[in-house]
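Enquirer: I need the structure of the sequence given here:
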Amino acid sequence: MTINNIRYLYNAETGIELIFCKNSTISYPLHNHVSVLTIGIILDGSVVLTTNKETRTYKQNETFTIFPYEPHSISAHDSYSLLTLCIDKNAVNDADVITIQKHIGLLLMQALNMGKINQYQILQLLNCLDKTSDSSNWQLKIHTPYIHDLKRQL
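Expert: Predicted coordinates:
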């Protein structure tokens, strides 16, 4: 078994990144991500995510959102696999929404084609992104019709 196998798919033009942690046992102490929105999905196992609002255990196929500057920690009791979609707020502000949407879709399709994520998990991430784009904590409004188009492509 490979431990702490981490892979990255990054788009420099838009500041959008997918991070795959496979069979990880890494715990992360309290920290925050400057200007980065993080949407994650547990692919296998579980993690305990602590934010200002709550401490919660996330299990397979469950999604979570961490807003820019939000202090959080992740505790691993056992091995887990996790995919996170990270969107840099500063890079996003320099690009138009259509470009951002296309790059999110391309990265997710690339992950699907690589066998890193399945269609159901992509749907879960898209649903989480859809809810996040309505939040007052995040200014990027990913248009719901685009998310529905991506879902139909699956």
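
Enquirer: low pLDDT regions in this protein?
Expert: 1-4, 92-95, 133-154 (pLDDT under 70).

Enquirer: what about the longest helix anywhere in it, distance to the chain center?
Expert: Once the chain is assigned using DSSP state H, the helix that runs over the most residues is helix 97-113. In this view, helix 97-113 has its centroid 12 Å away from the chain centroid, taken as C-alpha atoms, centre = their mean, to the nearest Å.

Enquirer: can you check stretch 49-57 too?
Expert: Centroid separation between stretch 49-57 and its chain, computed with C-alpha atoms, centre = their mean, is 16 Å.

Enquirer: Please apply the same query to stretch 62-76.
Expert: Its chain's C-alpha centre and that of stretch 62-76 lie 10 Å apart, by C-alpha atoms, centre = their mean.

Enquirer: buried stuff in the longest helix of the chain?
Expert: Along helix 97-113, the positions that meet the burial threshold by neighbour count (16 or more other C-beta atoms under 10 Å) are I100, Q101, K102, H103, I104, G105, L107, L108, A111. Every residue, glycine included, has its C-beta placed from N, CA and C.

Enquirer: Name all residues that make contact with I39.
Expert: Contacts here follow C-beta atoms under 8 Å, 6 or more residues apart in numbering; on that basis I39 touches T63, F64, T65, I66, T84, L85, I87, L125, C128, L129, T132.

Enquirer: Would you list the buried entries among those residues?
Expert: The neighbour-count test (16+ other C-beta under 10 Å) applied to the contacts of I39 identifies T63, F64, T65, I66, T84, L85, I87, L125, C128, L129, T132 as buried.

Enquirer: Show me those residues that map onto strands.
Expert: Per DSSP state E, strands hold the following members of these: T63, F64, T65, I66, T84, L85, I87.

Enquirer: Not including adjacent chain positions, what is the nearest residue to the first one?
Expert: The one in question is T63. Of all residues beyond its chain neighbours, the one nearest T63 is C128 (4.0 Å), with distances taken as C-beta to C-beta, 6 or more residues apart in numbering.
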